[in-house]
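[1] Here is the input, now give the coordinates:
(chains A, B and C)
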Amino acid sequence: MQSLSNRAKKLEKKPMNLSERMYLPAIFQGLSITMRHFFKKKATIKYPEETRPMSAVWRGLHVLKRDEKGRERCTACGLCAVACPAEAITMVAGERKRGEENLYREEKYAVSYEINMLRCIFCGLCEEACPKAAIFLQNDKLAPARYERDEFIYGKDRLVEPMPIELTSSAAAR
Amino acid sequence: MTGNFFYFLTFLTLFAAIGVVASKNPVYSVLFMIMTFFALTGHYILLNAQFLAAVNFIVYMGAIMVLFLFVIMFLNMREDTEKHKPMLSKFAAVIAGGILFVVMIAALKDVDTQLANTAVFDSQIGMVENLGKVLFRDYLLPFELASVLFLAAMAGAVMLGKREPGEQNRF
Amino acid sequence: MELSLLLIKALIILAVFGVTLLIATYSTYAERKVAAFIQDRVGPNRAGPFGLAQPLADAVKLFFKEEFVPANANKFLFIAGPSLAMLTACMSSAVIPFGGTLIIGGEAIHLQAIEVNIGILYVFGIVALGVYGIMIGGWASNNKFSLLGAIRAASQNISYELAMGMSIIALLLVTGTLSMRDIAAQQGEELFGISGMNWNIFYQPLGFLIFIVCAFAETNRVPFDLPECETELIGGYHTEYSSMGMGLYLFAEYVNIFVASAVMSTLYFGGYNFPFMDQLGLPHNVVTILGTVVLFGKIFFFIFFFMWVRWTLPRFRYDQLMNLGWKILIPLSIANVILTGGAILLKQEFFQ
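    Here you go, the predicted model:
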């Protein structure tokens, strides 16, 4: 019968000749192959001591950025949630009150902002959709494994970038 | 030292031999039998019959008893499932065993224990070289005849195990 | 017997025993390293420098695991099985000469635990006994996979013992002695003007081939590890074992490998002899110590070879195993005996 792809290799089952029946040539061939591998460079990366170099465009854990004065940039417009193909982002918008100008940059801000890391596919579309340059995917951190499912829902406490040190100290001085 | 060792080995031999008969579990019987052979090997060594000791060790303990154990493991006999023998066969067994015992006593009663003359006895007779010389020089014909017997037995075993032309592969 | 002589013997026995156990311990480490290297990995490297404390870690782990005895197992035999396996494995290194003689204070000390003039038969007998440990343990587990493993071990060992014995008989025709010490000493003679090169491998290449194949089968190593075949029998005879019972079985296997390697080096590869040993003009004791080092080098090579083959070859099928044993190796070894005998007769007739 003609095979469809014409790539099937025809196998002939001939009776083994003497050298094949002795097994020895095949055994020595196998031994030489394994010996070659014995001296080969090992593929292992000894993880905690060495880490694999990451690509420059590698996308890891999200961060919500602050501006140069330490205010959150996010204005809870929801474009990232709309752009997200995995529907991993949810947020609740709130209005900035008087006296919170040093915390939030715009009048509207995200009261809660959650990303479900089990849903997220790290495509980076949220980053592209953001008009305020507030959300970024870091290229040096990844979402680690955890024991509970709810631990994978990252809230603002874990997403917002920590306050830069010089700003916190100046705020304390004030 | 050697005397004490002899008594210890004798005790071990008899203990294991009684164990062969007395134990209800057949696997225990076989293991006791192995122990008996082991003690007998010790006796051979005490008699300075090293080759006989080694052969007893390899052939009986190492091969034949393995086959015994092999077969008995497959039988799957257990103390609780084993049927009790009828009274008649027990009776017959006692009589048969007793008669054998009497025959053995009769045979051993008149054995002259001073058979070996220590003056001319060669203590090296049990060594490999001497034994080989005795077997292949003085007793060559019986030795070769025994090997013919073995050959016949082997051929018979091959014939029994051989597959007939029309027979299906049983495995 | 003098007390000092007794003391020296005791010391040698202790040393041989210790070395056997030490090498077996580190064989487990070596096995994992060799396996890793052959598979392009690095192997255990966390416990201690280069992972050298790994055997200790393994032992501690095995000791602290639960010693589990199945409910319907025969408790006494279940424990006796691995003990017997270990006992028989440790007994056979007693007759192997680990070196020539050391001359200390005018007295020659043989670096050998016990000299019996039927040394080969002793090793052979103990090896034959080794199968009981597996059989008893496998049967006592009361598990059909264990039983099948035990049965396989028994039939395999008996089948390959025959060919092994035949190959040894051919060797004995050449050497004319059963004593391991004499066989090792004979190989120290001159061959083509090179002292210490009169190795039996040059006279018995076919016998050595048969012997090494049988040694693989007797130690239940790949490609003949049918008794513990995971794909068919879960774990074979040690399916039900945990903790140190398991440990003893595994350990006994490595002790057996060490003994098999030592026997092969002694019988076929010149034992403690090395080329030019008498022509270097070194003092006697230095030559002896060098010889011991060389012997251990040979032993390590064979241990490595066991591992190398394990991580190269697939397992034989059961009928292939039996075919190889009964239809190929035994006829070959008988032919080898006849050829050797004929060659010796020819030599006696025409060249002397």
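[2] What helices and strands are in contact with the helix or strand containing B:Leu160?
    Applying DSSP states H and E as the criterion places B:Leu160 in helix B:140-161. Other helices and strands packing on helix B:140-161, by 3 or more C-beta pairs under 8 Å, 6 or more residues apart in numbering or on different chains; DSSP states H and E, are absent; none qualifies. Every residue, glycine included, has its C-beta placed from N, CA and C.
[3] Up against chain B, what does the stretch 51-200 of chain C have?
    Residues of the stretch 51-200 of chain C lying close to chain B (C-beta under 8 Å from any C-beta of the partner chain) are C:74, C:77, C:116-118, C:121-122, C:124-125, C:128-129, C:131-132, C:135-136, C:139, C:147, C:150-151, C:154-155, C:157-158, C:161, C:165, C:178.
[4] ok, 6 Å please
    C:118, C:121, C:124-125, C:128-129, C:131, C:135, C:139, C:154, C:158, C:178 (C-beta under 6 Å from any C-beta of the partner chain).
[5] can you tell me which residues contact the closest residue to chain A within the stretch 51-200 of chain C?
    Distance from chain A to each residue of the stretch 51-200 of chain C (C-beta to the nearest C-beta) is smallest for C:Gly51, at 11.6 Å. The contact partners of C:Gly51, taken as C-beta atoms under 6 Å, 6 or more residues apart in numbering or on different chains, are C:44-45.
[6] any low-confidence regions in chain B?
    B:76-84, B:113-121, B:165-171 (pLDDT under 70).
[7] residue boundaries of the helices in it?
    All helices of chain B, identified by DSSP state H, fall at B:2-22, B:26-46, B:50-55, B:65-75, B:87-109, B:128-133, B:140-161.
[8] and if you look at the stretch 101-250 of chain C?
    Ranges of helices within the stretch 101-250 of chain C are C:119-140, C:144-175, C:180-186, C:205-218, C:230-233, C:243-267, based on DSSP state H, counting those that start in this stretch.
[9] Quickly, which of the ones you listed bottoms out on average pLDDT?
    Ranked by mean pLDDT, the helices of the stretch 101-250 of chain C bottom out at helix C:230-233, which scores a mean of 77.
[10] From the chain's centroid, how far away is that one?
    Distance of helix C:230-233 from the chain centroid (C-alpha atoms, centre = their mean, to the nearest Å) equals 25 Å.
[11] For B:Ser23, what are phi and psi?
    Per-residue torsions, B:Ser23: phi -70, psi 140 (degrees, to the nearest 10).
[12] how deep is the residue nearest to it when sequence neighbours are not counted tucked in, by neighbour count?
    Nearest-residue entry for B:Ser23: B:Ser29, 5.2 Å, with adjacent residues in sequence omitted and distances by C-beta to C-beta, 6 or more residues apart in numbering or on different chains. Look at B:Ser29: counted by other C-beta atoms under 10 Å in any protein chain shown, it has 17 neighbours.
[13] lowest-pLDDT helix or strand in chain A?
    Within chain A, no helix or strand scores below helix A:165-173, which has a mean of 63 by mean pLDDT, DSSP states H and E.
[14] before we move on, back to that, which other residues reach the helix holding B:Leu160?
    With C-beta under 6 Å, 6+ apart, helix B:140-161 has contacts from B:Leu135.
[15] can we see that at 10 Å?
    B:134-136, B:139 (C-beta atoms under 10 Å, 6 or more residues apart in numbering or on different chains).
[16] if I pick the residue nearest to B:Ser23, what's in contact with it?
    Here B:Ser29 is in contact with B:19-23, B:68, B:72 (C-beta under 10 Å, 6+ apart).
[17] Run through chain C and note the low-pLDDT ranges.
    In chain C, residues with pLDDT under 70: C:1-2, C:352.
[18] Do a quick rundown of the strands in it.
    C:101-104, C:107-110 (DSSP state E).
[19] now these as TSV including distance to C:Leu84?
    Below are those laid out as TSV (distance: least, C-beta to C-beta, whole Å):
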stretch	distance to C:Leu84
strand C:101-104	35
strand C:107-110	30
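[20] Go through those strands and name the closest to A:Tyr113.
    strand C:101-104 (81.3 Å; C-beta to C-beta).
[21] separation between A:Met16 and C:Tyr318?
    19 Å (C-beta to C-beta, to the nearest Å).
[22] Same drill for the two, tell me which one is more crowded.
    The residue with more neighbours, out of A:Met16 and C:Tyr318, is C:Tyr318; 15 against 10, by other C-beta under 10 Å.
[23] For that one, which non-adjacent residue is spatially closest?
    The shortest distance from C:Tyr318 to any non-neighbouring residue, by C-beta to C-beta, 6+ apart, is to C:Leu226 (6.0 Å).
[24] And for the one you found, the neighbour number?
    Residues near C:Leu226, counting by other C-beta under 10 Å: 25.
[25] how near is it to C:Ile103?
    For C:Leu226, the distance to C:Ile103 equals 48 Å [C-beta to C-beta].
[26] How about C:Phe68?
    Relative to C:Ile103, C:Phe68 is positioned 53 Å away (criterion: C-beta to C-beta).
[27] what do you get for C:Pro275?
    In terms of C-beta to C-beta, C:Pro275 sits 23 Å off from C:Ile103.
[28] likewise C:Ser167?
    When C:Ser167 is compared with C:Ile103 (using C-beta to C-beta), they lie 35 Å apart.
[29] same question, B:Phe150
    Distance from B:Phe150 to C:Ile103, by C-beta to C-beta: 49 Å.
[30] So between those two, which is more surrounded?
    Set B:Phe150 next to C:Ile103 and count neighbours by other C-beta under 10 Å: C:Ile103 wins out with 13 against 10.
[31] Run through the strands of chain A in chain order.
    According to DSSP E, the strands that chain A contains are A:62-64, A:89-95, A:108-116, A:135-137, A:153-154.
[32] Against which helices or strands is the first one packed?
    By that I understand strand A:62-64. Strand A:62-64 is packed against strand A:108-116, strand A:135-137, helix A:156-159, with contacts defined by 3 or more C-beta pairs under 10 Å, 6 or more residues apart in numbering or on different chains; DSSP states H and E.
[33] List the contacts of the closest residue to C:Gly130 other than its chain neighbours.
    Nearest non-adjacent residue to C:Gly130, counting by C-beta to C-beta, 6+ apart: C:Thr88, 4.4 Å away. C:Thr88 is in contact with C:125-133, C:252, C:255-256, C:259, counting by C-beta under 10 Å, 6+ apart.
[34] same thing but 7 Å
    C:126, C:129-130, C:133 (C-beta atoms under 7 Å, 6 or more residues apart in numbering or on different chains).
[35] In those residues, find the pair that's most separated.
    C:Ile126 and C:Gly133 (11.5 Å).
[36] Most neighbours among the contacts of C:Thr88, which one?
    C:Gly130 (29 neighbours).
[37] Any figure for the gap between the residue nearest to the spatial centre of chain A and C:Ile136?
    For chain A, the residue nearest the mean C-alpha position is A:Gly60 (3.4 Å; C-alpha atoms, centre = their mean). With distances taken as C-beta to C-beta, A:Gly60 is found 58 Å from C:Ile136.
[38] Now C:Met264: closest residue in space that isn't a chain neighbour?
    Nearest residue to C:Met264, sequence neighbours excluded (C-beta to C-beta, 6+ apart): C:Phe302, at 5.5 Å.
[39] can you check A:Arg59 too?
    Ranked by C-beta to C-beta, 6+ apart and with sequence neighbours excluded, the top spatial neighbour of A:Arg59 is A:Leu137, at 4.0 Å.
[40] Identify the bridge partners of the one you found.
    A:His62 (DSSP bridges).
[41] Number of residues surrounding it?
    Other residues close to A:Leu137 by other C-beta under 10 Å number 18.
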